[in-house]
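Visitor: Requesting a structural model of the entry that follows:
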Amino acid sequence: MLAQQLASQFETVWVPEYAREYLELNGPSYHEEDILAIARGQLEQETKALSKASGFIFCDTEFIVTKIWSEVKYGRCHPWISEQAVNHVYDLYLLCDIDLPWESDPLREHPGMRKELFELYCNELKEMGFPFFIVSGYGPDRLRNAVGIIHEWFKDKKKHQVQIQGK
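Guide: The predicted structure is shown next:
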């Protein structure tokens, strides 16, 4: 939701989470090889959206999320995804805090692991040295906080990709 709201706020495009589209089309059950297909589909959607972006492009998910998803689910990650997580870098990562209540959804997994997953994302971003901020707040406050971070981070810069992690 935040990526879409930010795209609207900045009058540009956003890239939804391709995993949702893939699983809605193919069913909620998946296998390890599906995660690679999802990662490639996400990149394809992002590449298409880049040509339509004005100023920013907001991406709902990316390779770090996919890498951690695979590692948590299968104990390993396809090398292509791991390579992309390191090399396909965004200008800024916004990591959504877990301060919002869990919303049940047939495609969401691990409701009892929110804190653990949040820490995995934080640690991965820190280890890779990627710029990130944690966005918290309810409703309009969350959007306002994210907009403030973006304005502060991108003073006098033109076209950027912002990655939104977490829901």
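Visitor: Next SSE downstream of whichever helix in the chain runs longest?
Guide: Criterion DSSP state H: the longest helix present in the chain is helix 32-50. Under the assignment DSSP states H and E, the closest C-terminal helix or strand after helix 32-50 is strand 56-59.
Visitor: tell me the mean pLDDT over that next one?
Guide: Strand 56-59 shows a mean pLDDT of 95.
Visitor: Pull out the buried residues from the longest helix of the chain.
Guide: 35-36, 38-40, 42-43, 45-46, 49 (16 or more other C-beta atoms under 10 Å). The C-beta positions use only the backbone N, C-alpha and C, and glycine is treated the same way.
Visitor: Same question for stretch 146-159.
Guide: Buried residues in stretch 146-159 (16+ other C-beta under 10 Å): 146, 149-150, 154.
Visitor: coming back round to it: outside of the longest helix of the chain, which residues touch it?
Guide: 13-19, 21-22, 26, 57, 59, 61-63, 66, 69-70, 73-74, 78, 80-81, 84, 88, 161 (C-beta atoms under 8 Å, 6 or more residues apart in numbering).
Visitor: can you do 7 Å?
Guide: 13, 15, 18-19, 22, 57, 59, 61, 63, 66, 69-70, 74, 78, 80-81, 84 (C-beta atoms under 7 Å, 6 or more residues apart in numbering).
Visitor: Can you list the low-confidence ranges for the chain?
Guide: Applying pLDDT under 70 to the chain flags residues 156-167.
Visitor: For it, which segments count as helices?
Guide: 2-9, 18-26, 32-50, 63-74, 79-87, 114-128, 140-153.
Visitor: So which of the ones you listed is nearest E103?
Guide: Ranking the helices of the chain by proximity to E103 (C-beta to C-beta) places helix 114-128 first, at 11.4 Å.
Visitor: by contact count, what packs against the closest one?
Guide: Counting contacts by 3 or more C-beta pairs under 7 Å, 6 or more residues apart in numbering; DSSP states H and E, helix 114-128 packs against helix 63-74, strand 92-96.
Visitor: How about the residue nearest the centre of the chain: what's its closest non-neighbour residue?
Guide: The geometric centre of the chain, computed from its C-alpha atoms, lies nearest to T61 (C-alpha atoms, centre = their mean), at 2.3 Å. Sequence neighbours aside, E17 is the residue nearest to T61 in space, at 4.5 Å (criterion: C-beta to C-beta, 6 or more residues apart in numbering).
Visitor: Same question for E11.
Guide: Sequence neighbours aside, S54 is the residue nearest to E11 in space, at 6.4 Å (criterion: C-beta to C-beta, 6+ apart).
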